[in-house]
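Colleague: Sequence and predicted structure below; questions after.
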Amino acid sequence: TRLVLATHNAHKVVELRRILGNRLEGIELVGYDGPEPVEDGTTFAENALIKARAAFAHTGVPSLADDSGISVAALGGAPGIHSARFAGTRDDADNRRLVLERLDGVAERDAEFVCAAAFVAEGFEHVELGRWPGVVGAEERGSGGFGYDPLFVPADGDGRSAAELGADEKDAISHRTRAFTALLDAVGDRLR
Ligand code: ITT
């Protein structure tokens, strides 16, 4: 059996292979380099479904997609679904800098990572959300992970940023793990 990972983000592919690998033995996870749909949904869940539907339409192979980002309470939930292009480009360093700039002098730094995990197959679709609460730190710390990880200090941790965690530590509690674990639990045998 094959499953398409409907993302162009290489960091997500790495994490998804780790997260899904041990749960999907015997299933081949294939990458996706087909057309990218317009992500014009208004929620993480809608955009994840848009991406999974586009990949299924293009490949005919049951498809998984991930739409994710960071929501900062003091910024009214921004960057949220606009996380990938918050600073106008797709540059992660620019995006991080802009978040720190917007939070300059702001004491209330609650944030959460959110991931929507979508599965689309013939006549069937399902989406689950995963959340990872924390705060935006005062500055960037660590070199692991990707995207906003150097800024994000998990609430359930020991003060290290997500980029200071080992891959196994991030996988144990991340929004992506929570979303895809819930998806596999809900969809189960349909993946096979
Ligand atoms: P695809 O749509 O092709 O999957 P993308 O990078 O455009 O790839 P999104 O639209 O879902 O994906 O944007 C997600 C952004 O949120 C991404 O660029 C990261 O900056 C950030 N992000 C998501 N998960 C993250 C994580 O685990 N750690 C740090 N940043 C994350």
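Modeller: Everything's here; your move.
Colleague: where does residue 119 land in three-state SS?
Modeller: strand (DSSP: H, G, I helix; E, B strand; the rest coil).
Colleague: repeat for residue 99
Modeller: helix.
Colleague: Ramachandran coordinates for the closest residue to the ligand within the chain?
Modeller: Proximity of the chain to the ligand (CB to the nearest ligand atom) peaks at residue 147, 2.4 Å away. (Each C-beta comes from the backbone N, C-alpha and C, glycine too.) Per-residue torsions, residue 147: phi 50, psi -130 (degrees, to the nearest 10).
Colleague: Likewise for residue 122?
Modeller: Per degrees, to the nearest 10, the backbone of residue 122 is at phi -60, psi 120.
Colleague: Which secondary structure element is home to residue 57?
Modeller: helix 44-59 (DSSP states H and E).
Colleague: Just the CA trace of that helix, in PDB.
Modeller: The C-alpha trace of helix 44-59 is given here as PDB (Å, rounded to 0.1, in the frame of the first residue of the first chain):
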ATOM      1  CA  PHE A  44      -5.900  25.000   9.600                       C
ATOM      2  CA  ALA A  45      -8.400  22.200   9.100                       C
ATOM      3  CA  GLU A  46      -9.800  23.600   5.800                       C
ATOM      4  CA  ASN A  47      -6.300  24.200   4.400                       C
ATOM      5  CA  ALA A  48      -5.100  20.700   5.400                       C
ATOM      6  CA  LEU A  49      -8.100  19.200   3.500                       C
ATOM      7  CA  ILE A  50      -7.500  21.400   0.500                       C
ATOM      8  CA  LYS A  51      -3.900  20.100   0.300                       C
ATOM      9  CA  ALA A  52      -4.900  16.400   0.800                       C
ATOM     10  CA  ARG A  53      -7.700  16.700  -1.800                       C
ATOM     11  CA  ALA A  54      -5.300  18.200  -4.400                       C
ATOM     12  CA  ALA A  55      -2.700  15.500  -3.900                       C
ATOM     13  CA  PHE A  56      -5.400  12.800  -4.100                       C
ATOM     14  CA  ALA A  57      -6.900  14.300  -7.200                       C
ATOM     15  CA  HIS A  58      -3.400  14.500  -8.800                       C
ATOM     16  CA  THR A  59      -2.000  11.100  -7.800                       C
END
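Colleague: Good, we can wrap up now.
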